[in-house]
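K.L.:
Need a 3D model of the sequence below.
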Amino acid sequence: MKKNHMPILTEPIGSLPRPKALIDGITAFAAGRLPQSEMNRLYDAVLIDTIKQFEATGSPVITDGEQTKPSFATYPIHGLKMLASEGVTIPFADGHTRRLPVITAGPFHYQTYADRYLEAAKRRTRLPVKQAVISASALSLLYPQAGIPGYSQEAFINDLLREHEIDIRRCLEKGAHVVQTDFTEGRLALKLDPSGGLLKQFIALNNRVLVRFSPEERRRIGVHICPGGDFDSTHSADVDYAGLLPHLFQLNAGNFYLQLANERDRARVPRIIKEQAQPYQRLFIGVTDPIDPRVETAEEVKSRTLEAAAVLPVDRLGTTDDCGFSPFGDDTSTPRETAFAKIRARIDGTRLAAQALGIA
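P.N.:
Presented below is the predicted three-dimensional model:
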């Protein structure tokens, strides 16, 4: 297969809408109406179709679309026995909520590592495959406020950091193009605690993992930030980027994937990014909006990319989507065809921007 080499890098975030047949199959499997063998065949067929459609967009880097993850946040603990449902509730602007579970006993360990998804995708494509993992800070919310007798929060955090390191390291060792840490709770942290204390705790916690990797390894580790994206709604779009970015770029990662396309004051954000980003950090700016049903044109993507390129160093500039298209497995708000059309527009528009800059 011919690879696409683009002078401005472009990468997806991760998740894609699941086909209805897959969602129905998962429901039937959970209810005991579908055997494991049939569920495995369904997963395999959907994964093959997803990768084939991804390749057809011309994307130089692909993902598995997170088709076999229950959600971007809970895949490590899916099926874990020591869970209760009364965890942190995340409210979205349209009124719906998502609720995290809490653990009920220790020691904490992952049930599933993300390299399982990576290996399955890499067997079916020759293109570079990017792998998303959930952040340590998001999973830190699994510890109940009331505590657990005989299992302190400190012991939990130590177990969590070990498991998160293993999750990233296994993906790097299995040949992930980039391991992207999903940190969508970063912006939410400022909404929950406007003083910035919670955000600083999250940054410090994630850095306790990142410091365990070499500078070369951190060049293949990224951080994704957005105000959430679920059923075409967000949880923290009203939080000012200016309060987040100075803290965000303290994370010792080499790549940052930054929602921008649906930002109210889009032209202002690149100036803040330029002031705060470290010289070694590559900056992927969002040029397509997954929660907008309208498909952007390549010319619109070109314009958004050039707008950012007028401020940010082009040799460190990349493009991406604002968020995953379906971070939670039951989100059917965006048609699958729309997601792939937006990805194609991002790729074509990024190429047009590179040509306009004379670097194609």
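
K.L.:
where are the low-confidence patches of this structure?
P.N.:
Applying pLDDT under 70 to the chain picks out residues 1-6.

K.L.:
ok, longest strand in it?
P.N.:
In the chain, taking DSSP state E as the definition, the longest strand is strand 282-288.

K.L.:
That one pairs with which strands, parallel or anti?
P.N.:
Strand pairing for strand 282-288, determined by DSSP bridges: strand 255-258 (parallel), strand 317-321 (parallel).

K.L.:
Convert it to PDB, retaining C-alpha atoms only.
P.N.:
Output in PDB follows, covering the C-alpha atoms of strand 282-288 (Å, rounded to 0.1, in the frame of the first residue of the first chain):
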ATOM      1  CA  ARG A 282       4.400  19.200  18.500                       C
ATOM      2  CA  LEU A 283       1.000  21.000  18.200                       C
ATOM      3  CA  PHE A 284      -1.900  19.300  16.500                       C
ATOM      4  CA  ILE A 285      -4.800  21.800  16.200                       C
ATOM      5  CA  GLY A 286      -8.400  20.700  15.700                       C
ATOM      6  CA  VAL A 287      -9.700  21.600  12.200                       C
ATOM      7  CA  THR A 288     -12.900  19.500  12.100                       C
END
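
K.L.:
and residue 177, what is it in contact with?
P.N.:
61, 128-130, 220 (C-beta atoms under 8 Å, 6 or more residues apart in numbering). (Glycine included, C-beta is placed from N, CA and C.)

K.L.:
Could I get the residues you listed in TSV, plus columns for neighbour count?
P.N.:
Listed next are these as TSV, based on neighbours: other C-beta atoms under 10 Å:
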residue	neighbour count
61	20
128	16
129	26
130	26
220	19
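
K.L.:
List the ones among those that fall in strands.
P.N.:
Per DSSP E, the contacts of residue 177 never map to strands.

K.L.:
what ranges do the helices span in this structure?
P.N.:
For the chain, applying DSSP state H gives helices covering 20-30, 36-56, 115-122, 136-139, 153-173, 185-192, 197-210, 215-218, 241-248, 269-276, 298-309, 336-356.

K.L.:
Can you give me the buried ones in the second one?
P.N.:
It stands for helix 36-56. Judged by neighbour count (16 or more other C-beta atoms under 10 Å), helix 36-56 contains these buried residues: 39, 42-43, 46-47, 50-51, 53-54.

K.L.:
could the strands paired with strand 282-288 go into JSON lines alongside distance to residue 298 and mean neighbour count?
P.N.:
Below are the strands paired with strand 282-288 laid out as JSON lines (distance: least, C-beta to C-beta, whole Å; neighbours: other C-beta atoms under 10 Å):
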{"stretch": "strand 255-258", "distance to residue 298": "20", "mean neighbour count": "27"}
{"stretch": "strand 317-321", "distance to residue 298": "12", "mean neighbour count": "27"}
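
K.L.:
Take these and write them to a markdown table, including distance to residue 231.
P.N.:
Putting the strands paired with strand 282-288 into a markdown table (distance: least, C-beta to C-beta, whole Å) gives the following:
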| stretch | distance to residue 231 |
| --- | --- |
| strand 255-258 | 21 |
| strand 317-321 | 17 |
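
K.L.:
and residue 173, which of those is closest to it?
P.N.:
strand 255-258 (18.2 Å; C-beta to C-beta).

K.L.:
what distance separates the closest one from the centre of its chain?
P.N.:
10 Å (C-alpha atoms, centre = their mean, to the nearest Å).

K.L.:
Equivalent analysis for stretch 233-247, please.
P.N.:
16 Å.

K.L.:
One more: stretch 124-139?
P.N.:
8 Å.

K.L.:
Straight-line length of that stretch, end to end?
P.N.:
30 Å (C-alpha to C-alpha, to the nearest Å).

K.L.:
Name the residues of that stretch that come out as buried.
P.N.:
124-125, 127-139.
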